[in-house]
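*Asks:* quick check, what structure comes out for this input:
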Amino acid sequence: MGMCSVSQAAAGGWIEFASPQVVKGWACDTEHPNDNVKVEVWRDNNAILLGSGTANLTRDAGVARACGGTRINLGFSINLQTPAYLNDGAFHELRVYGIGRDGVARQLPNSPVIVKYPGGIEGWIEYADSMVVIGWACNTAIPNNVIAVSARWDSDVYPINTAAADIPRESAVATVCGGSSSIHGFRLSIDKHIQDGKTHQLHVYVAGLDRALPNSPIAVRFPIPPAPAREGDIVARNLNSSGAGWAGHIGIWDGVNVVEVLNKVPSVQENSWQSFVEASWLNDNTGPWKTLSPAYGNRNIWGCFPTTRPDCDNYYGLNQYGGYEFISRGTVQKGNVSWAVVSRAKQIGRIGSDFTSTVAVKIAVPATIQHHAAYGIRSYPPQRGQYRCDTFIKDALSAATNVIFYENNYYFYGIDRSADATPHLVRTLADPYDYNWDNKIKTVVRSILTTPSAVYNDIAAVLK
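*Replies:* Numbering: from 1, shown residues only. The predicted structure is shown next:
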């Protein structure tokens, strides 16, 4: 608004007649009743100044008495300069202000007044998807002029894009618009590509007027990005909470669902790709991040990931170097690397795990029956885990090579509990063993940077 200042107090005066062309009445400054005040006329929320003048036309003595003075030439008649494109056939407010010697704008007591403008918006949305909207639009007040249209989604305030309705159309369009020109078609590209699988409302309106086309809004169903192609792929997105979205959220694709740790009960969940994608758009507009496909290779993994039993019946014995290793497979299973990674992720869910927002980890360990060559049979109860989504992925990836996990061991945070008298082992063996691959996995698992986005970036950079 172009006024110096606006007061909530009313000026003296009255609007006696108003139309899109002229406003008439009288106005005064009750503090200085014999002054001739300036009068300004604004449309709607003081967005457009339509005209101004001085209240100096002769009126009757009753006006002077109402203002508390003797001057009677306090009338005004202001011709309004309304741009043709503003004639949209809608009702609008006219706000009339009196401005005295102090420069403060005060509305007249019966301001604003409602005025219907000539003309009208005609048009139609003929096609819309997540990338383009097609149709035609015109203003019957200026039927041979090209107007601009804008589009926005749902409750968004700002438009996605704006384009001129300047594409030739059939003669029937000219007839509806009331002119001789049929150049009123538009093809509006939508720059904001949302892929969340939901239905959104697309609003198409005349730019500068915010007047919607007759069949606006229109419902548009958006696609979702393709699901990951391979078991063991890593998926990620921003968090569904303000303030920490930069840190991200990460999960693993099991071929059907996303296995992920959430701040819910249970914390380890298997959710559909649709649900994962929809959550990606809750509080931001980035959607899911690029799916990562680690180069797992063709090696096999021996490990204990029972789907129906809570325990691992593993056989250990001394090897020639004085260390302990498998001497019998027991309940150990064999599969490819991606199977092992996904199986470990699901095993954590079966054992049970609590969510934590910190980097503190408790490794989920199945009940273990160890047949030891030197000490006989030892049984250990299951250990419930504690994870955040990123440490959960680190644990799952450890199944891809020869890694022994201990609770809070140095692979995570520099605490070596290898001397623990009762270590609960979660062990896998790679067949054949690949030294380079082993080091790559350890690079990701041992990384000091532990946020979802950091783990995502490590996987993208290292496991390729």
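
*Asks:* strand partners (parallel or antiparallel) of the helix or strand hosting Trp136?
*Replies:* Counting by DSSP states H and E, the secondary-structure element that holds Trp136 is strand 132-139. Note on strand 132-139: by DSSP bridges, its sheet partners are strand 121-128 (antiparallel), strand 183-189 (antiparallel).

*Asks:* out of those, which comes closest to Lys264?
*Replies:* Taking CB to CB, strand 121-128 is the member of those nearest to Lys264, at 35.9 Å. From N, CA and C alone the C-beta is placed, and that goes for glycine too.

*Asks:* sorry, back to before: turn the strands paired with strand 132-139 into JSON lines, columns for distance to Ile114, mean neighbour count and mean pLDDT.
*Replies:* What follows is the strands paired with strand 132-139, written out as JSON lines (distance: least, CB to CB, whole Å; neighbours: other CB atoms under 10 Å; pLDDT from 0 to 100):
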{"stretch": "strand 121-128", "distance to Ile114": "19", "mean neighbour count": "19", "mean pLDDT": "93"}
{"stretch": "strand 183-189", "distance to Ile114": "29", "mean neighbour count": "20", "mean pLDDT": "95"}
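
*Asks:* can you identify the element that follows the strand holding Trp136 toward the C-terminus?
*Replies:* Following strand 132-139 in sequence, per DSSP H and E, is strand 148-153.

*Asks:* would you tell me what the next helix or strand after that next one is?
*Replies:* Next along from strand 148-153, by DSSP H and E: strand 161-164.

*Asks:* got the domain ranges for this protein?
*Replies:* 5-116, 121-221, 224-464 (automatic domain parsing).

*Asks:* avg pLDDT for the last one?
*Replies:* Domain 224-464 comes out with an average pLDDT of 75.

*Asks:* for it, measure first residue to last.
*Replies:* 26 Å (CA to CA, to the nearest Å).

*Asks:* now the strands paired with strand 132-139 in TSV, please, with extra columns for distance to Asn145.
*Replies:* Converted to TSV, the strands paired with strand 132-139 look like this (distance: least, CB to CB, whole Å):
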stretch	distance to Asn145
strand 121-128	13
strand 183-189	9
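
*Asks:* quick one: closest of these to Gln269.
*Replies:* Nearest to Gln269, of all the strands paired with strand 132-139, is strand 121-128, at 34.9 Å by CB to CB.

*Asks:* relative to strand 148-153, how tilted is that closest one?
*Replies:* 50 degrees (axes from the mean of the first three to the mean of the last three CA atoms, to 10 degrees).

*Asks:* which residues are contacting strand 121-128?
*Replies:* 88-89, 133-140, 149, 165, 176-177, 184, 202, 204, 206, 209, 211-216, 218, 220 (CB atoms under 8 Å, 6 or more residues apart in numbering).

*Asks:* now do it: distance to the chain's middle.
*Replies:* 27 Å (CA atoms, centre = their mean, to the nearest Å).

*Asks:* the closest residue to Val259 other than its chain neighbours is in what secondary structure piece?
*Replies:* Nearest residue to Val259, sequence neighbours excluded (CB to CB, 6 or more residues apart in numbering): Ala345, at 4.6 Å. In this assignment (DSSP H and E), Ala345 forms part of helix 337-351.

*Asks:* partners of the helix or strand following that helix in the sheet?
*Replies:* Sequence-wise, the next helix or strand downstream of helix 337-351 (DSSP H and E) is strand 353-355. Note on strand 353-355: by DSSP bridges, its sheet partners are strand 385-387 (parallel).

*Asks:* next secondary structure element downstream of the strand it pairs with?
*Replies:* Heading C-terminal from strand 385-387 (DSSP H and E), you reach helix 389-398.

*Asks:* what does that following helix rub up against?
*Replies:* 234, 249-252, 259-262, 268, 294, 341-342, 344-345, 348, 353, 359, 361, 363-364, 385, 387, 405, 411-412, 426, 428, 441, 444-445, 450-452, 454-455, 459, 463.

*Asks:* selecting buried members of the residues you listed in PyMOL, what would you type?
*Replies:* Buried residues within the contacts of helix 389-398, by 16 or more other CB atoms under 10 Å, are selected in PyMOL with:
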select buried, resi 234+249+250+251+252+259+260+261+262+268+294+341+342+344+345+348+353+361+363+364+385+387+405+411+412+426+428+441+444+445+450+451+452+454+455+459+463
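
*Asks:* quick one: the strands in the stretch 201-350 of the chain?
*Replies:* All strands of the stretch 201-350 of the chain, identified by DSSP state E, counting those that start in this stretch, fall at 211-212, 218-221, 234-237, 249-253, 258-261, 268-271, 300-303, 311-318, 324-328, 333-336.

*Asks:* just the strands from the stretch 1-150 of the chain, written as ranges.
*Replies:* 5-7, 12-18, 22-28, 38-43, 48-54, 75-79, 91-99, 104-107, 113-116, 121-128, 132-139, 148-153.

*Asks:* for those, which one sits closest to Ala229?
*Replies:* The nearest among those, by CB to CB, is strand 132-139 at 28.0 Å.

*Asks:* how distant is that closest one from the center of its chain?
*Replies:* Using CA atoms, centre = their mean, the offset of strand 132-139 from its chain centre is 27 Å.

*Asks:* could you give the mean pLDDT of it?
*Replies:* 95.

*Asks:* can you dump the C-alpha coordinates of that strand into PDB?
*Replies:* Only the C-alpha atoms of strand 132-139 are listed here, as PDB (Å, rounded to 0.1, in the frame of the first residue of the first chain):
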ATOM      1  CA  VAL A 132       1.000 -30.300 -17.500                       C
ATOM      2  CA  VAL A 133      -2.400 -28.700 -17.500                       C
ATOM      3  CA  ILE A 134      -4.200 -27.800 -20.800                       C
ATOM      4  CA  GLY A 135      -7.300 -25.600 -21.400                       C
ATOM      5  CA  TRP A 136      -8.400 -22.100 -22.400                       C
ATOM      6  CA  ALA A 137      -9.200 -18.900 -20.500                       C
ATOM      7  CA  CYS A 138     -10.400 -15.400 -21.300                       C
ATOM      8  CA  ASN A 139     -11.800 -12.200 -19.600                       C
END
